Structures are given as structure tokens and as C-alpha cells.
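S.K.: Compute the structure for the input listed below.
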Amino acid sequence: MFAAGTETSFIALEWAMSELVRNPAATQELQREVRRAAPADSAAGATATPYLHAVVKETLRLHPPVPLLLPRECMRDAAVLGFHVARGTRVFVNAWAVGRDPASWGAAADEFRPERFLAEDREVDFRGAHFQLVPFGAGRRACPGMQFGLATVELALASLARLFDWEVPGGAAPGELDMSDAPGLTTPRRVPLRLVAKPFGSEEQA
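M.R.: The predicted structure follows:
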């Protein structure tokens, strides 16, 4: 359980940093928020960072660390969206495809847009009530470490955004970053992410 929790949290954090580097406007908005908020490990800091929460949601929508959820077995014959599902059928929910479904997320479903979670009519979370976003599963088989994983990723991401500015090494354009994932039970980046960190405020101090 410890290994699973650390690997998936790292995967989510790496994808979040990848998407932010490719989207400078989102990076700047996140940095403005966390740099003026209370410390992220305080209660005030946790409630004062809606954009941080939106970035994490959008990352998990596009890049769920576990793309196929734990299998379910149909206990009786059923009809789902017009399809007959026979008793005893083993069903895998594709969280990756669910999070990119244009029917739920619109024509820009493949684009990184944290703002979609800030709209008043977009109250979507991962706790199982909204099936268009299920990176942790739902119901009795939902991930037991969901809250711990979210807290870990949000705290780490807030710290990275607060303390450093980031860029692609070698002067490469952010849009050239390879965003392909490696196939498997989890979906890490196919090419490990390498970035250059510059301490925030170092240029003013120099």
C-alpha cells in the first residue's frame, strides 16, 4: 500500500509539473495564488488556494495514475447505455477515457484548462458522486488513500510553485515537451521530466 501510494503520487506530481511548464499562463496564475496565500500546510492556506485544487483536478482528469480501475464483476444481467452485460462479466472502468470524454468535458477535453473547475456550475470532485471524474474509483472500492494522496500532491506542488520558477533545459520551447506516457498498470511519463529550477527572487537578490 505504501509503494502504491508513493508511486501514484509521484506520477501525478510529475504530470502536473509537465502540464504547467507547457502552459505558462497556468503556471503564473498558480504561482500568484500560492505566493500570496497563507502557508499551504495551514488551514487558511488550504482554503485560499482554489486554483491549486483546480490544477490537481485537471491533472488527474487528463493523467490518472492508474488508467484502469479495479475490475468489477456483474452480479446479474444488466443493461448499461443500451448494452447487454451478462451476469459474471468482468468489467474494467477506463478512468483515462472517462476523463477525456467530449460528452462530459466538451470539444477541448484533451486540453489542460484548470479554469474549467472554477466555474460555478462545475462542482465536480473525485469522491464518487460525479462519474465523469473517477481517478480514485468510486463506491466501496474507491482508493482508501485518496485524501492522503491529494494532500501529498497539493502540498508538494504548492511548495514547488511557491519557491521556484521552472523552465525546460537547453532553451527548448515548452511546447516541444514530450507528453507521451508509458503503457502499464500505471501511466508515468514515457520520458522522465527534467526541468531547471530557479529559486524565486534570486534575480532580485543578485
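S.K.: Now do the residue nearest to residue 177 when sequence neighbours are not counted: how many residues are near it, please.
M.R.: Spatially, and ignoring its direct neighbours in sequence, residue 177 is nearest to residue 22 (5.6 Å; CB to CB, 6 or more residues apart in numbering). For every residue, glycine as well, the C-beta is placed using N, CA and C. For residue 22, the count of nearby residues is 17 (other CB atoms under 10 Å).
S.K.: any idea how far residue 22 lies from residue 66?
M.R.: To residue 66, residue 22 is 23 Å away according to CB to CB, to the nearest Å.
S.K.: The residue nearest to residue 177 and residue 178 touch, don't they?
M.R.: No. Contact criterion CB atoms under 8 Å: residue 22 and residue 178 do not qualify, at 10.6 Å.
S.K.: residues in contact with the residue nearest to residue 177?
M.R.: Neighbouring residues of residue 22 by CB atoms under 8 Å, 6 or more residues apart in numbering: 112, 174-175, 177, 179.
S.K.: most neighbours, which of the residues you listed?
M.R.: Counting neighbours by other CB under 10 Å, residue 112 leads these with 21 neighbours.
S.K.: That residue and residue 83: what is the separation?
M.R.: Between residue 112 and residue 83 the computed distance is 32 Å (CB to CB).
S.K.: Over to residue 68?
M.R.: Applying CB to CB, one obtains 18 Å for the distance of residue 68 from residue 83.
S.K.: Residue 168 - how many residues pack around it?
M.R.: For residue 168, using other CB under 10 Å, the count is 17.
S.K.: meant to ask about residue 55
M.R.: For residue 55, the count of nearby residues is 29 (other CB under 10 Å).
S.K.: Excluding residues flanking it in the chain, which one is nearest it?
M.R.: Take residue 55 and drop its neighbours on the chain: the residue closest to it by CB to CB, 6+ apart is residue 114, 4.7 Å away.
S.K.: Tell me who's in contact with residue 167.
M.R.: Counting by CB under 8 Å, 6+ apart, residue 167 makes contact with 21, 174, 195-196, 198.
S.K.: Report the two of those separated the most.
M.R.: Greatest spatial distance among those (CB to CB): 174 and 198, at 14.8 Å.
S.K.: any low-confidence regions in this protein?
M.R.: The model of the chain has pLDDT under 70 over residues 1-5, 38-47, 120-122, 202-206.
S.K.: all strands of it, in order?
M.R.: Along the chain, counting by DSSP state E, strands occupy 72-73, 78-80, 83-85, 90-91, 164-167, 196-199.
S.K.: Tell me which of those is the most buried.
M.R.: Across the strands of the chain, averaging neighbours per residue (mean count of other CB atoms under 10 Å) puts strand 164-167 on top, at a mean of 16.
S.K.: Tell me which strands it pairs with, and in which orientation.
M.R.: Next to strand 164-167 in the sheet, as set by DSSP bridges, lie strand 196-199 (antiparallel).
S.K.: what comes into contact with the partner strand?
M.R.: Around strand 196-199, the neighbours that count as contacts under CB under 8 Å, 6+ apart are 163-169.
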